[in-house]
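S.K.: Return atomic coordinates for the entry below.
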Amino acid sequence: MQNILRASKQAHGGSREDSCDIETALLRNRSVKEFGTSPVGMSVNYTAIGGTDWNFNTSISCSNITSSNFPQRKKNRHQNLPKCDAEYVKLENLEKINDSFPLFGSRDNCIRKNINTFCKTDLVVPNIVHFIWFGNLKFDFIYFVSMYSAFKHQNPCVIFVYYDILPSGEYWTLLLDVVPNIILVSVPSPSEISGRKIIYVQHKSDILRLLILKEYGGIYLDTDQLLLRSVDTFRNKDCTMGWAADFYFGSALILAKKQASFIRKWIESYSSYNPNLWGDNSVIMATKLSVKYPKLIHVERHYCSFYPDPKYLYNQNYKWSHSFSLHIYKQGSIQHVSALNFLSIRKLNTTLGAVFRYILFGNKELCL
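M.R.: Below is the predicted model of the structure:
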């Protein structure tokens, strides 16, 4: 791993990468023996997003959007919710409802019926998005933007939110008002695996996301992962993951078909689970499995595709015109991102500010 990091610095002349566009991907196009011989680089979709002005000095007039006047917000909550009987499923259009949604269990037959009936596709990965919400956390602005970005840019058939404690608060209410195809799934967080107690809540999420993808297939997203464009280009591949800046896989975005062989082997690897090791069974194990079973997974080998280095998010701007998504890496920066809102991002001259404006306002430029 250290050899890889040294090679990365030498390829850049020791400087940080300021841009994640095609030219940068080509600059980094090299073989890395430790993780196979495929070249490092973005493999698909070179269509640029975000316009042509990347000086980050331009200011424009932005709509005065707040949580109370968000453009898609409805006066009365409007949800399409599945209603199942023994044989069939139908969507009920509910316009005047409160916070008491029908709650489904993680292996509820109604979920399968809903997917099979309304989410039919010619692609191997169904267009459904999965989020996991564990713990009594405050549902901050960043979580709203993350889930809204999936709805806006992926246009999924349905968004499942798996939770042990139901989210609440201003931004959760706003999300339910503007995203009509959320289905809440009540799940107990896993307490043990392979006879070993699970210590970290992150490990519980690591395990559950694999079980969900094995059961249903689809697109798993962490609640601090922002989609900048559709990931449909990967939906004809059995399983897709991407490199992070440390050259291990990121697990905040995973695409997989139902019963994908790579996901099944990953689950099997938990027979050697060690609860005291942070990433050994998650991102490190996925990276090792990709070397052992390269035909079972497609790897995006340029980290700017999904997981730019967190250094680029908070203190500078970089060109993300060819990225598919961005991981906020809220751990270690939670106080900073928790303070963000519709007002503060208007003049936030960093990558994070530009991306938030792009998702919510439709442009990345600074607001006057």
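
S.K.: drop to CA atoms for contacts and neighbour counts, all remaining ones
M.R.: OK.

S.K.: the helices in this protein, which residues?
M.R.: Assigned by DSSP state H, the helices in the chain fall at 2-11, 22-27, 109-118, 141-154, 170-178, 201-216, 261-268, 283-292, 311-314, 334-338, 351-361.

S.K.: Select, out of those, the one closest to Y163.
M.R.: Nearest of the helices of the chain to Y163, taken as CA to CA: helix 201-216 at 10.3 Å.

S.K.: Just send the helices of the chain back as CSV, with mean pLDDT too.
M.R.: Formatted as CSV, those follow (pLDDT from 0 to 100):
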stretch, mean pLDDT
helix 2-11, 39
helix 22-27, 59
helix 109-118, 79
helix 141-154, 97
helix 170-178, 94
helix 201-216, 91
helix 261-268, 96
helix 283-292, 94
helix 311-314, 86
helix 334-338, 84
helix 351-361, 96
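
S.K.: Reformat those helices as JSON lines; add distance to L228 and mean neighbour count.
M.R.: Formatted as JSON lines, the helices of the chain follow (distance: least, CA to CA, whole Å; neighbours: other CA atoms under 10 Å):
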{"stretch": "helix 2-11", "distance to L228": "26", "mean neighbour count": "13"}
{"stretch": "helix 22-27", "distance to L228": "16", "mean neighbour count": "16"}
{"stretch": "helix 109-118", "distance to L228": "25", "mean neighbour count": "17"}
{"stretch": "helix 141-154", "distance to L228": "7", "mean neighbour count": "21"}
{"stretch": "helix 170-178", "distance to L228": "18", "mean neighbour count": "18"}
{"stretch": "helix 201-216", "distance to L228": "22", "mean neighbour count": "19"}
{"stretch": "helix 261-268", "distance to L228": "25", "mean neighbour count": "18"}
{"stretch": "helix 283-292", "distance to L228": "23", "mean neighbour count": "18"}
{"stretch": "helix 311-314", "distance to L228": "14", "mean neighbour count": "17"}
{"stretch": "helix 334-338", "distance to L228": "18", "mean neighbour count": "13"}
{"stretch": "helix 351-361", "distance to L228": "7", "mean neighbour count": "22"}
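
S.K.: In the stretch 201-350 of the chain, what residue spans correspond to strands?
M.R.: Taking DSSP state E, counting those that start in this stretch as the criterion, the stretch 201-350 of the chain carries its strands at 218-221, 225-227, 239-243, 249-256, 298-300, 325-327.

S.K.: Please identify which of the ones you listed is closest to V178.
M.R.: V178 sits nearest to strand 225-227 of all these, at 16.9 Å, using CA to CA.

S.K.: Paired strands for the closest one, with orientation please.
M.R.: strand 325-327 (antiparallel) (DSSP bridges).

S.K.: Now the strand it pairs with: average pLDDT?
M.R.: Mean pLDDT, strand 325-327: 95.

S.K.: Could you check how far G279 is from G250?
M.R.: Separation of G279 from G250 (CA to CA, to the nearest Å) stands at 11 Å.

S.K.: Quick one: residues contacting the residue positioned nearest the centre of the chain.
M.R.: The centroid of the chain falls nearest to L221 when counting by CA atoms, centre = their mean (2.9 Å). The neighbours of L221, taking CA atoms under 8 Å, 6 or more residues apart in numbering as the test, are 129-131, 252-254.

S.K.: hmm, try it at 10 Å
M.R.: 129-132, 146-147, 150, 209, 227, 251-255, 327 (CA atoms under 10 Å, 6 or more residues apart in numbering).

S.K.: Next, count neighbours for the closest residue to F131 other than its chain neighbours.
M.R.: What sits nearest to F131 in space, not counting adjacent residues and going by CA to CA, 6 or more residues apart in numbering, is V161, at 4.8 Å. Neighbours of V161 under the rule other CA atoms under 10 Å: 20.

S.K.: repeat for D232
M.R.: Applying other CA under 10 Å, we find 15 residues neighbouring D232.

S.K.: again with T233
M.R.: 10.

S.K.: how much space is there between it and R196?
M.R.: Distance of T233 to R196, computed by CA to CA: 38 Å.

S.K.: what bits of the chain have low per-residue confidence?
M.R.: The model of the chain has pLDDT under 70 over residues 1-18, 22-46, 75-83, 85-108.

S.K.: Would you map out the domains in it?
M.R.: 2-65+307-367, 79-293 (automatic domain parsing).

S.K.: Tabulate those domains in a markdown table, adding columns for distance to R301.
M.R.: Output for the domains of the chain, formatted as a markdown table (distance: least, CA to CA, whole Å):
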| stretch | distance to R301 |
| --- | --- |
| domain 2-65+307-367 | 5 |
| domain 79-293 | 5 |
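
S.K.: gap between the two ends of stretch 156-168?
M.R.: Terminal residues of stretch 156-168 lie 23 Å apart, using CA to CA.

S.K.: what bridges to V185?
M.R.: F104, Y162.

S.K.: Touching, it and I111? I think so.
M.R.: Yes - between V185 and I111 there is a contact at 9.1 Å, judged by CA atoms under 10 Å.

S.K.: ends of stretch 222-232, how far apart?
M.R.: 18 Å.

S.K.: tell me which residues in that stretch are buried?
M.R.: 222-231 (16 or more other CA atoms under 10 Å).

S.K.: distance of the residue lying closest to Y163 once chain neighbours are set aside from Q225?
M.R.: For Y163, ignoring the flanking residues on the chain, the nearest one in space by CA to CA, 6+ apart is W133 at 4.7 Å. Applying CA to CA, the value for W133 to Q225 is 13 Å.

S.K.: how about the nearest residue to D309 once chain neighbours are set aside, what does it touch?
M.R.: Leaving out its chain neighbours, the residue that sits closest to D309 by CA to CA, 6+ apart is A245, at 5.3 Å. A245 makes contacts with 5, 8, 302-304, 306-310, as judged by CA under 10 Å, 6+ apart.
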